[in-house]
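Novice: using only what follows, build the 3D model:
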Amino acid sequence: MHVVRRPGDVRVVEIAAKSILNRVAGMPFGWSINPYQGCAHQCVFCYARATHAYRELDGVNEWGSQIYAKVNAPAVLRRELSRPAWKNEAVAVGSATDPYQSIEGRYKITRGILIELSRARTPMHLITRSGLIVRDIDVLREYAARAKISICVSLPTLDERLAREIEPTVAPPQKRLVAVRRLADAGIRVGVAVAPVLPGLTDGHEMLANVLRAAADAGASFAWHGVLNLGEVTRDAFFAYLDENQPELIERYRAMYANKYAPRTYARSIAATFDRAKRNTAFAPPAAIVPEPVLPELVLF
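Specialist: Have a look, this model is predicted:
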C-alpha cells in the first residue's frame, strides 16, 4: 500500500547551486527555473519523478522523501541576469518542481527569485498546484507592472476524492480556486492547467467543462490542457496507483500506453473536447495593471 509522506517526514537538503537559469529544448519556453529539486506533492502522474535517478533515489517509492533547496538561488540568478549575453527571454518557473511546495513557506526561495526576475523585467510564466502563491501577491503585482507575466494553477479535476488520490498532499481543488480568485482580483493574469487529463478518470466532456466553468467563475483568464505521458519511472508509479485504486482501468492503460505517449487519436479527441468546452466558457482578462515605462536608467540589476 502506498504511504503518503507528510511535510514533517520529508528530508530537506540545502545545496548551493552553480546556475539557476536552465536552457530548455523542445518546450514552448526557452528557459526554466526550478527553485528546488524534487517535490513533496507526490502526484502519481508526475513526469519529474525520473529526475530522482540523478540523486540515485527511487522515483517510485522515494519520490517526495527528499527535497533539495537551492538556498543561494536568488543571488545566483541576479548574477546571471546581469550578464551581457542574457537577452531577457521568457522564463518558466516550476517546470520540474512546484515552486510553492510547503517548504517554500520557510525558505522563500521562489519569492527571492521572483524579486530578481521582476527587477530585470524578465517575462515569466509560473505554474503551481499550491495556494501558497497568494503570499507573494505583493511581489507579483509589482512584477506585473514591470513585465509580462502569467500564473497558472494546476487543476485537473474538481472531484475532491479523486484529487486526494492522485495529488495526495496538494491543496483541495476549491482552495486552488480561491487562489485563482485572489490573484485575479489583484490584477494578475492567472489561468488553470487542466493537466494531465487522465483516461477514464478526468477526460469526460462534462468533467472538463466543469473545471473550465469553475476556473472562469474564479476569475481565470485562460486555460490549457495536457494529456498524460508515462515515462519509465512515472509509468511504474502510475500503474501502482491504478493497481491499488482503479484496477478496472489497468488493461485500458496497458493498451493505450504501449510507449510513453497516448495514441494520437486520443490526444486529438481530448483536444477537440477541451476546445468545445472552452468555447462555451467565458474567460475574461484581469483588471489591467498599467506597466511602468521601460526606462533603462530605472532597470535594477
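
Novice: got the residue ranges for the strands in the stretch 51-200 of the chain?
Specialist: 66-70, 91-93, 124-128, 149-154, 190-197 (DSSP state E, counting those that start in this stretch).

Novice: ok, and the closest non-adjacent residue to Ile109?
Specialist: Leaving aside its chain neighbours, Ile109 sits nearest to Pro35 (4.3 Å; criterion: C-beta to C-beta, 6 or more residues apart in numbering). (Glycine included, C-beta is placed from N, CA and C.)

Novice: cool, and Pro99?
Specialist: Thr110 (4.1 Å).

Novice: and stretch 12-29, what's buried?
Specialist: For stretch 12-29, burial by neighbour count (16 or more other C-beta atoms under 10 Å) applies to 17, 20-21.

Novice: for stretch 39-48, C-alpha coordinates in CSV please.
Specialist: The C-alpha trace of stretch 39-48 is given here as CSV (Å, rounded to 0.1, in the frame of the first residue of the first chain):
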residue,chain,number,x,y,z
CYS,A,39,8.8,17.7,-4.9
ALA,A,40,6.8,16.8,-1.8
HIS,A,41,3.4,16.7,-3.6
GLN,A,42,3.8,13.0,-4.6
CYS,A,43,1.4,13.3,-7.5
VAL,A,44,1.0,9.8,-9.0
PHE,A,45,1.4,11.1,-12.6
CYS,A,46,4.4,13.4,-12.1
TYR,A,47,6.8,13.2,-15.0
ALA,A,48,9.6,14.7,-12.8
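
Novice: that one: how far from the chain's middle?
Specialist: 11 Å (C-alpha atoms, centre = their mean, to the nearest Å).

Novice: same question, stretch 99-115
Specialist: Chain-centre distance of stretch 99-115: 14 Å, with C-alpha atoms, centre = their mean.

Novice: what mean pLDDT does that stretch get?
Specialist: Mean pLDDT, stretch 99-115: 97.

Novice: start the count at 10, not 1, going forward
Specialist: Got it, first residue is 10 now, which makes that one stretch 108-124.

Novice: okay, now Leu221: neighbour count?
Specialist: Per other C-beta atoms under 10 Å, the neighbour tally for Leu221 reads 24.

Novice: what pLDDT is listed against it?
Specialist: pLDDT recorded at Leu221 is 98.

Novice: report the buried residues of the host helix or strand of it.
Specialist: Taking DSSP states H and E as the definition, one finds Leu221 inside helix 214-226. By 16+ other C-beta under 10 Å, the buried positions in helix 214-226 come out as 216-218, 220-221, 223-225.

Novice: how about the CA coordinates for it, as PDB?
Specialist: Provided in PDB are the C-alpha atoms of helix 214-226 (Å, rounded to 0.1, in the frame of the first residue of the first chain):
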ATOM      1  CA  HIS A 214     -16.700  16.300 -21.500                       C
ATOM      2  CA  GLU A 215     -18.800  17.400 -18.500                       C
ATOM      3  CA  MET A 216     -15.800  16.900 -16.200                       C
ATOM      4  CA  LEU A 217     -13.600  19.100 -18.300                       C
ATOM      5  CA  ALA A 218     -16.400  21.700 -18.800                       C
ATOM      6  CA  ASN A 219     -17.000  21.900 -15.100                       C
ATOM      7  CA  VAL A 220     -13.300  22.600 -14.400                       C
ATOM      8  CA  LEU A 221     -13.300  25.300 -17.000                       C
ATOM      9  CA  ARG A 222     -16.500  26.900 -15.700                       C
ATOM     10  CA  ALA A 223     -15.200  26.900 -12.100                       C
ATOM     11  CA  ALA A 224     -12.000  28.500 -13.300                       C
ATOM     12  CA  ALA A 225     -13.700  31.200 -15.200                       C
ATOM     13  CA  ASP A 226     -16.000  31.900 -12.300                       C
END
